[in-house]
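> one predicted model, sequence on top.
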Amino acid sequence: MSITAFLTDSTLCIGCKACEVACKEWNGIEDDGFQWSGFSYDNTGAVGASSWRHVKFVEQAPIPGLGGNAGEQASWTFSSDVCKHCERAGCLEACPTGSIVRTEFGGVFIQPDVCNGCGYCVVACPFGVVERNEKDGRAFKCTFCYDRQKAGLQPACAKVCPTESIKFGELAHLRQEAHKRVEELHNRGMNDANVYDPVATSVAGTHAVFIIRGDARTYNLPPAPEVPTVYLKRAWKSSAVAAGLLFGGTLVAFLTAGKDRG
Amino acid sequence: MSDLVSVGNADSPALRRERNLEEIRRRAEMSSTSPIVNPPAGEPFPQANAENGYYGIPLLKRPPWTWEIPLYFFVGGAAASAAVIGAVASYTGADRELVRHARWIAAAGSVISPALLIADLGRPERFLAMLRVFKPQSPMSVGVWTLLGFSSGAAATVFADFLIQRYGESLPVRVLENAGQAASLAFGLPFSNYTGVLIGATAVPVWNRSAGELPLHFAASGLGAAVGILELMGHRKNRALQSLGIGAAVFETWQGLRIECRSHEDLEPLKHGVSGWVTRSGGALSGPVPALLRAVSLFAKKERSDSLRRWASWSSIAGSLITRYAWMRAGRQSVQR
C-alpha cells in the first residue's frame, strides 16, 4: 500500500464548501447547530468533532491582485482545513486505549468502537483538530476516508472539489507537486506563496500538505508544531526526582522522629 | 462501511451515496461568486493576520475535562502520599494507629480515584478499553496501570488489616498485608506525581512549558494534603508528620515564587486574570501559610501548637485542592490565546 496524502492548494480554492458538505454527506456527520459567526462568511469556525473539513475564509487587508480583487477591497483567500495526519501524531501516541491507529495508507484513524472518550487526544493535538463530541462522548476527526480508500476510492472531499484545490495522491509525489506549484506561483509574481508541511519539527511533516500565502498563523496553522511526546523526558525526570524525594524525605522524617511519638 | 464492497451493484446504497457526491460537485461547479459592489453594513470586519491568527479563533481545542479530573488529581495525590507515609511508618516501627489511618486514607483514595476517572470518560462503560494495551509513551496509559496497581495494593493492605483485627494474625494474612503494603508503596510513589506528567506532555502551552516542574509541584501538593488529613485525624503530636508538612510547605512556597518570578507569554494564565488569582490563592494556602503556622507551632505551647497545626492542615488541604483546579483553569485559559 502506498502512503497517501492531501495537497490542499489555497490559491485554487473558491470557497464553495463542497468539501465540507461532501464530508458530512459521506460520513453521516451531524450539523454544527446552524449558527452565524457574525463576522465572516465562515460560519463553521474550525475543524472539530462535527466538521472534519472546514473552509477558512481568510479576509485580509487589501492586497492588490490577491484573489483577483480590486485594489480597495478586502482580500480573500480560501483554504480548506483538515486533520494533518502527522508523520508523528500526538493523538496517536497519547491514546491510552490503542483506539487511534495508523492505517495502511499512512493516515491516522480513530476506531470508534474502541474509543472510550478520555479526551487525552484532544489536548495532545498540536493543531487543535481532534475534539470530543459531548453528546456521544467519543473523540472524532477526519478518517482520511479510510473506508473509501480501502475500496480504492479517493476521499469524498477530494472527489467533489470542483477546482482540484484538494488533490489526493501519493505523499512523495504530492510533496514534489507542491514545491513545483509554489515555484510556478513565484514565477507568476505571487512571491508570498509557500508550502506548509512542518518537516523540520518534531511532527516530522504532515500527510495533509497545504499551499498558503504569507504567514501560516493567518490560517491558524502553527508555524512550529511539536508532538507532545517530546516533553515526556523532562516530565518523567521530574517525576523520578519527586518519587525519590518523597520516599527519602518520608524515611528521614520517620527515622529522625524516633519511635512511638503519637 | 461494509456496503462499499457492493459498489458495482447499480442499486447499492453505496452507489447512491457516490452519486450524491457527484451531485455536490456538479452544483459546486455551477456556483459563482460576484464581486461585492457595495460594502455590506457592519464594516470594518475583523481580519485574519499573523498576530491574531484566524479572527482570533483559538488554534488549540479546549481541554475537555470537567471538575472530576482536578478532583482526581487531588484525591490521587493525597492517597498516594498517605500510602507512602503508611508504608514507611510501618517499616520504621512508628505508631500503629498512624499506620492504620494512613492505610485507610490510601484505601479510600483507591476507590474514589477510579470512580472519578471513570465518571469523566465520555463513554464510562468503556473504562476497560484502557486495559487493552500498555503504552509507555502515553502517560494516560502508564497512569491507569499505576492506578490499578496502587488501588489493588492499598485495598489489599486494609483488607488484611481488617482480617488481623477481626480474626487475629495468620501467615497468609501477614503475607497479604506485606505484599499489599509493598505494592501500594511501589505504585504510590509514581502515582503521587504522574498527573504532572499527564498534563505536562500535552499541546497546551502553559502545561508543557511547566512539564519539568509539574510532577515535583504535584508531589509536594499531595504530600501536604496527606499530612493535613492525617493531622486532622488526630496525629498532631507526630514529629515526622510535622517535618513532612514543613518540607511540603517550604517546597510549595518556592514553587510559588518560581511561578511569580518567571515571565513568559505561555505562563501568563498562572499570573493574570481569574486563573492567575486561583493559582495564587492555591499557592498561598499550600506554601507560605502552612509553613508559617507550622514554624510558629514549633515554638508554641502545647495547646496553641495543636491548634496551629490544625489550621496548617486545613490550609494545606484547601491549597492542594485549589492548586489542581488552578492548573486546569490555567490550561483552559492557555488555549484561548
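Happy to help now that I have it.
> what residue ranges in chain B score low on pLDDT?
B:1-10, B:32-45, B:337 (pLDDT under 70).
> go again with 90.
B:1-17, B:27-53, B:55-56, B:93-94, B:168-169, B:302, B:336-337 (pLDDT under 90).
> in it, what residue is nearest chain A?
Residue nearest to chain A within chain B (C-beta to the nearest C-beta): B:Gly122, separated by 2.1 Å. In short, each C-beta sits where N, CA and C put it, glycine included.
> what's around that residue, how many residues?
Residues lying near B:Gly122 (other C-beta atoms under 10 Å in any protein chain shown) number 19.
> same check on A:Val199?
Using other C-beta under 10 Å, A:Val199 has 12 other residues around it.
> for it, what are its contacts?
A:Glu87, A:Gly205 (C-beta atoms under 8 Å, 6 or more residues apart in numbering or on different chains).
> sec struct for B:Gly76, please.
B:Gly76 falls in the helix class when you classify it by DSSP: H, G, I helix; E, B strand; the rest coil.
> spatially nearest residue to it (excluding sequence neighbours)?
In this structure, B:Gly76 finds its nearest non-sequential neighbour in B:Ser113, 4.7 Å apart by C-beta to C-beta, 6 or more residues apart in numbering or on different chains.
> just to be sure, the residue of chain B closest to chain A is in a strand?
No: applying three-state DSSP, one finds B:Gly122 to be coil, outside a strand.
> residues contacting it?
Here B:Gly122 is in contact with A:115-119, A:132-134, A:136-139, B:64 (C-beta under 8 Å, 6+ apart).
> if we go to 6 Å?
The contact partners of B:Gly122, by C-beta atoms under 6 Å, 6 or more residues apart in numbering or on different chains, come to A:Gly117, A:Arg132, A:Gly137, A:Arg138.
> with those residues in mind, which one is nearest to A:Ser10?
Minimum distance to A:Ser10 across those is 28.5 Å, recorded for A:Arg132 (C-beta to C-beta).
> where's the closest residue in space to that closest one that isn't next to it in sequence, which helix or strand?
Among residues not flanking A:Arg132 along the chain, B:Pro64 sits closest, at 4.5 Å (C-beta to C-beta, 6+ apart). Applying DSSP states H and E as the criterion places B:Pro64 outside every helix and strand.
> same question, A:Glu164
Secondary structure (DSSP H and E) places A:Glu164 outside all helices and strands.
> got the phi/psi numbers for it?
When read as degrees, to the nearest 10, the backbone of A:Glu164 gives phi 60, psi 30.
> the one 3 residues further on too?
Dihedral pair for A:Lys167: phi -110, psi 150, per degrees, to the nearest 10.
> same thing with A:Gly117?
According to degrees, to the nearest 10, A:Gly117 has phi 70, psi 30.
> now the helices for the stretch 101-250 of chain A?
Taking DSSP state H, counting those that start in this stretch to define them, one finds helices in the stretch 101-250 of chain A at A:120-124, A:146-150, A:156-160, A:171-187, A:232-257.
> would you mind listing the buried residues in the second one?
Going back to what we said before, that points to helix A:146-150. Residues of helix A:146-150 classed as buried: A:Tyr146, A:Asp147, A:Arg148, A:Gln149 (neighbour count, 16 or more other C-beta atoms under 10 Å in any protein chain shown).
> does that helix reach chain B?
Yes: contact of helix A:146-150 with chain B (C-beta under 6 Å from any C-beta of the partner chain) involves A:Asp147.
> CA atoms only: put that helix into PDB for me.
Below are the C-alpha coordinates for helix A:146-150, written out as PDB (Å, rounded to 0.1, in the frame of the first residue of the first chain):
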ATOM      1  CA  TYR A 146     -10.400   5.100   5.400                       C
ATOM      2  CA  ASP A 147     -13.400   3.200   4.200                       C
ATOM      3  CA  ARG A 148     -13.300   4.700   0.700                       C
ATOM      4  CA  GLN A 149      -9.500   4.300   0.400                       C
ATOM      5  CA  LYS A 150      -9.900   0.600   1.200                       C
END
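> which elements pack onto it?
Here helix A:146-150 touches no other helix or strand, going by 3 or more C-beta pairs under 6 Å, 6 or more residues apart in numbering or on different chains; DSSP states H and E.
> and for the last one?
Helices and strands touching helix A:232-257, by 3+ C-beta pairs under 6 Å, 6+ apart, are helix B:68-91, helix B:171-191, helix B:194-200, helix B:214-232, helix B:239-261.
> tabulate those helices (TSV), appending mean neighbour count.
Listed next are the helices and strands packed on helix A:232-257 as TSV, based on neighbours: other C-beta atoms under 10 Å in any protein chain shown:
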stretch	mean neighbour count
helix B:68-91	27
helix B:171-191	20
helix B:194-200	28
helix B:214-232	29
helix B:239-261	21
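> now render the ones you listed as CSV, adding distance to A:Ala224.
Output for those, formatted as CSV (distance: least, C-beta to C-beta, whole Å):
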stretch, distance to A:Ala224
helix B:68-91, 28
helix B:171-191, 31
helix B:194-200, 19
helix B:214-232, 22
helix B:239-261, 25
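> and the angle from the longest helix along chain B to helix B:214-232?
When chain B is parsed with DSSP state H, its longest helix is helix B:302-334. Put simply, helix B:302-334 runs at 150 degrees to helix B:214-232, going by axes from the mean of the first three to the mean of the last three C-alpha atoms, to 10 degrees.
> give me the subset of the contacts of B:Gly122 lying in strands.
Counting by DSSP state E, the part of those found in strands is A:Arg132.
> ok, so of the contacts of B:Gly122, who is nearest B:Ala83?
Nearest to B:Ala83 out of the contacts of B:Gly122 is A:Gly117 (C-beta to C-beta; 29.0 Å).
> report the contact partners of that closest one.
A:Gly137, A:Arg138, B:Leu121, B:Gly122, B:Arg123.
> repeat the analysis, applying 10 Å as the threshold.
Contact partners of A:Gly117, counting by C-beta atoms under 10 Å, 6 or more residues apart in numbering or on different chains, are A:97, A:99, A:132-134, A:136-139, B:64, B:120-124, B:126, B:129.
> cool, and A:Val108?
Residues counted as contacts of A:Val108 (C-beta under 10 Å, 6+ apart) are A:83-87, A:89-92, A:95, A:100-102, A:121, A:125, A:129-130, A:141-144, A:146, A:207.
> let's see it at 7 Å
A:Cys83, A:His85, A:Cys86, A:Ala89, A:Cys91, A:Leu92, A:Ile100, A:Arg102 (C-beta atoms under 7 Å, 6 or more residues apart in numbering or on different chains).
> I'd assumed A:Cys95 was in contact with the last one.
No: A:Arg102 lies out of contact with A:Cys95 (C-beta atoms under 7 Å); the separation is 11.2 Å.
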